[in-house]
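> Fold the following.
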Amino acid sequence: MYSLRLLQHISLWTEGPSQNSDPEEACILVPSIDTLNQNRLRLREVSQALNSLPYWRGGENHLIWNFIPGSPPDYNTVIDLNIGKALVAGAGFSSWTYRPGFDVSLPVFSPLAAELNRIDHSFERKWFVVNAQVNLHPDYERELSLLPDLVQFHMCNDDPTTRCYQGKIYRYPDLLQKATFCVIVRGARLAQQALLDALSAGCIPVIAADSLVMPFQDVIDWKRAAIILLESDLSGIIEKLSSISDERKVELQQQGTWLFKKYFESIEKITLTALDIINYRVYPQNSPNYEDWNIPQSWFGARNPLRLQLTAPRSPGFTAVVLTYDRVESLFLLIQQLSRVPSLSKILVIWNNQNKDPPPPSVWPKFSTPLELIRTKENKLSNRFYPYDQIETEAVLNIDDDIVMLTPDELEFGFEVWREFPDRIVGFPSRTHVWDNATNQWKYESEWTNKISMVLTGAAFHHKYWNYLYTTAMPGDIKQWVDNHMNCEDIAMNFLVANVTRKAPIKVTPRKKFKCPECTNTEMLSADLTHMVERSHCINKFAAIYGSMPLINVEFRADPVLFKDNFPEKLKRYNDIGSL
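This next block holds a predicted model:
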């Protein structure tokens, strides 16, 4: 017989947008067998029932749901069924039983937390730190009783909705709304309902449960909402909590309340969040970033997209935008190189030739990373900087179709440097500008010098926000001039970024030669003798439009820490940085 909770789950699965009634086509199969509470299971019979399912195949691609694992006296941290290769969405995982990137860690659902009549007590809390758990291990109960300033409640008359302290009876979990911190330690089971009770009440969880895998730990940053300690540090908990500022307490309370309302308030929200996590593992290119999972939209609203945390998130990687015309052979070679870069999220090929069709899909390189082709209506260099909807990552790698010499390690390192400086252009070919006293004009300089002021966008990372500014807010007629002359779009982008940020670009790795090894000089724009003269003209024209020279000269580049160290290659993170 199905439990009410399982029936709630089944209704969500069958009504969801990702539901597929054909088991041959579905990515994940969910057995309609109630495994939510191990206390109610006859383990042998349920295991046999699972193994008899027509599509079981040893559990492959099956998802088992479980909120209460283990049974007395061991209380294992994962359900004691013969699940084979099945995924487990379960509560109470320990780091010994949880399979990162495979299982999904759930909370122990608390009906009391869901029904709590929440009152805003953020600034008027009666108790500093409390513990109101039941069935504590005697060792933890004894240690907590020795802590000064900790109020320890006990259950009254076996009623889970009340707690007693010094002869008085309090409603639970309502009493937690009068506490600033709620200490949560392991009981008979590793995971506790007390976590959701505390979050619901705006009481900051203080968790001391070694090896506990927190709910939705793969996507939720619990340091923003809870204090997590080692069990051995319980004796010093009062001193640690006393050092936390009032501002930090408010941040923790607000974040905890938001997490509860967004992810844990109901069985429906818990289930849908777990399904989202699994879905984004199957389709990582669609996965939300760190901010989407952890920061309420209302907290930052229409903020400047460049005012991010100091280091941009590694996930979801970067989008490679390749502008191409008809160099198909080098394009395919470049795509194969890009596909080997670990942080690549998508390749976007901009086909800029209106007189020739792109190659048919059957001849394109085959790999797992998504590739999309966009055919432009006009042959314009500015097409490489258009803010296409298909660019879903913050990081964009602009790269020419003939830049086939960069190694996957060089590109991955370039992305890592961009993460440290997400408001700058970070890339490989560098140039500078110099003042010519003879002509009283600026001059474009491609010779190797100690200074750089530009990184060319033929191989460079930048934030996708710059695509928006380039397309919609470029000063004067710079964008039109670039499109008409088919030159200097990279210089225009460097001017734009430097003018907004007042910062120089960053060159990465020592490589200086970027000529296409398969191309003859007559095929390349840079081979034109008038090219350098026209580039100098661009700099002077753009400086006149801006009314100043925004480009900034710097004398440094970024290399991997162990780049030239006499160190075993297998111990270096980037051991193929390429040649000069």
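> pLDDT below threshold where in the chain?
1-20, 120-123, 298-315, 512-529, 564-571, 576, 578-580 (pLDDT under 70).
> How is it divided into domains?
Using automatic domain parsing, the domain ranges for the chain come out as 4-91, 111-263, 318-571.
> So which of those is nearest residue 271?
domain 4-91 (5.1 Å; C-beta to C-beta). Any C-beta I mention is one placed from the backbone N, CA and C, and that applies to glycine too.
> roughly how far out does the closest one sit from the chain middle?
Averaging C-alpha positions (C-alpha atoms, centre = their mean, to the nearest Å) puts domain 4-91 28 Å from its chain's average.
> how about the helices in the stretch 101-250 of the chain?
For the stretch 101-250 of the chain, the helices defined by DSSP state H, counting those that start in this stretch cover 111-115, 138-145, 194-201, 237-242, 246-259.
> so which of the ones you listed is the most packed in?
Of all those, helix 194-201 has the most neighbours on average by mean count of other C-beta atoms under 10 Å, namely a mean of 27.
> Does it pack against any helices or strands, and if so which?
In terms of contact count using 3 or more C-beta pairs under 8 Å, 6 or more residues apart in numbering; DSSP states H and E, helix 194-201 is assigned the packing partners helix 111-115, strand 179-185, strand 204-208, helix 246-259.
> So which residues make contact with it?
For helix 194-201, the external contacting residues (C-beta atoms under 8 Å, 6 or more residues apart in numbering) are 107-110, 112-114, 116, 118, 132-133, 172-174, 176-177, 179, 182, 184, 204-205, 207, 215, 225, 256-257, 259-260, 264-265.
> Which among these count as buried?
Buried members of those, scored by 16 or more other C-beta atoms under 10 Å, are 107-110, 112-114, 116, 132-133, 172-174, 176-177, 179, 182, 184, 204-205, 207, 215, 225, 256-257, 259-260, 264-265.
> re the thing from before, adding distance to residue 498 as columns, could you present the helices and strands packed on helix 194-201 in JSON lines?
Shown next, in JSON lines, are those (distance: least, C-beta to C-beta, whole Å):
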{"stretch": "helix 111-115", "distance to residue 498": "52"}
{"stretch": "strand 179-185", "distance to residue 498": "47"}
{"stretch": "strand 204-208", "distance to residue 498": "44"}
{"stretch": "helix 246-259", "distance to residue 498": "35"}
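> looking at the ones you listed, which is closest to residue 480?
With C-beta to C-beta as the measure, helix 246-259 is the member of the helices and strands packed on helix 194-201 nearest residue 480 (46.1 Å).
> next SSE after the closest one?
Using DSSP states H and E, the helix or strand that follows helix 246-259 towards the C-terminus is helix 267-282.
> just checking, next helix/strand downstream of that next one?
Assigned by DSSP H and E, the successor of helix 267-282 is helix 290-294.
> How far does that following helix sit from its chain's centre?
A distance of 7 Å separates the centroid of the chain from that of helix 290-294, by C-alpha atoms, centre = their mean.
> Quick check: buried residues in that helix?
Neighbour-count burial for helix 290-294, counted by 16+ other C-beta under 10 Å, picks out 290, 293, 294.
> Contact partners for residue 345?
By C-beta under 8 Å, 6+ apart, the contact set of residue 345 is 284, 285, 316, 317, 318, 319, 369, 370, 392, 393.
> Out of these, who's the most crowded?
Greatest neighbour count in those, by other C-beta atoms under 10 Å, goes to residue 318: 28 neighbours.
> Which residue is the nearest non-sequential neighbour of it?
In space, not counting the residues next to it along the chain, residue 318 is nearest to residue 395; the distance is 3.7 Å by C-beta to C-beta, 6 or more residues apart in numbering.
> I'd assumed residue 466 was in contact with that neighbour.
No: Residue 395 is beyond contact range of residue 466, at 11.2 Å (criterion: C-beta atoms under 8 Å).
> how much space between the residue in the chain sticking out farthest from the centre and residue 81?
Most distant residue from the mean C-alpha position of the chain: residue 438, 52.1 Å away (C-alpha atoms, centre = their mean). Using C-beta to C-beta, to the nearest Å, one gets 83 Å for the distance from residue 438 to residue 81.
> Quick one: neighbours of residue 450, just the number.
Burial measure for residue 450: 9 neighbouring residues, criterion other C-beta under 10 Å.
> could you pull out the strands for the stretch 301-450 of the chain?
For the stretch 301-450 of the chain, strands defined by DSSP state E, counting those that start in this stretch occupy the ranges 318-324, 344-351, 371-375, 395-400, 426-427, 430-436, 441-445.
> With distance to residue 577 as extra columns, can I get the domains of the chain in CSV?
Conversion of those to CSV gives the following (distance: least, C-beta to C-beta, whole Å):
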stretch, distance to residue 577
domain 4-91, 39
domain 111-263, 32
domain 318-571, 5
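> Figure out which of the ones you listed is closest to residue 100.
Of all the domains of the chain, it is domain 111-263 that lies closest to residue 100, at 7.0 Å by C-beta to C-beta.
> how long is the closest one end to end?
Counting by C-alpha to C-alpha, to the nearest Å, you get 14 Å between the two ends of domain 111-263.
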